[in-house]
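just coords:
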């Protein structure tokens with residue numbers, strides 16, 4: 001198992017990157033920030049209404065439009081806040097451990113001990129990002 005601190009730091013970097021992207025989106029058609037997007041109605045169920053300039057794009061299908069609207073910046077920021085909170089709850093700490101008859105410092109999760117499955121599960125979200133280690137993949 002890789003060092004927990006390295007895994008923790010990787011997740012923090014990924015979350016910060018996602019936050020920057022979400023914060024770069026302009027306000028919505030009502031001037032609200034964080035932006036909440038709307039799906040077109042009537043004859044335009046595939047349109048995404050995101051900015052004050054009118055429909056920003058055609059998602060192609062009503063289902064795709066609904067998915068995009070559900071994942072607007074306001075929603076993504078709340079989701080990222082939850083991920084950030086979860087990572088903070090599992091931030092590694094140093095504890096004493098016995099190794100070869102000596103007491104050594106060892107990184108552990110304060111909740112889960114040596115193996116932190118919540119952080120490993122979260123890392124799978126970011127498996128396509130630079131810095132992801134193969135030994136973080138769960139079976």
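Good, I have the coordinates. None of the values given here were measured: they were computed from a predicted structure.

For residue 66, list the residues it contacts.
Residue 66 makes contacts with residue 39, as judged by C-beta atoms under 8 Å, 6 or more residues apart in numbering. Placement of C-beta: from N, CA and C, glycine included.

For residue 99, see how far away it is.
Per C-beta to C-beta, to the nearest Å, residue 66 is found 54 Å from residue 99.

How about residue 21?
For residue 21, the distance to residue 99 - C-beta to C-beta - is 42 Å.

Those two: which has the busier surroundings?
With neighbours defined as other C-beta atoms under 10 Å, residue 21 and residue 99 compare such that residue 21 has more, 12 against 9.

And the more buried one, which helix or strand is it part of?
helix 4-23 (DSSP states H and E).

got it, and residue 124?
Residue 124 belongs to helix 117-125 when elements are defined using DSSP H and E.

Repeat that for residue 105.
strand 102-108.

Who are the packing partners of that strand?
The contact analysis (3 or more C-beta pairs under 8 Å, 6 or more residues apart in numbering; DSSP states H and E) places strand 102-108 against helix 4-23, strand 93-99.
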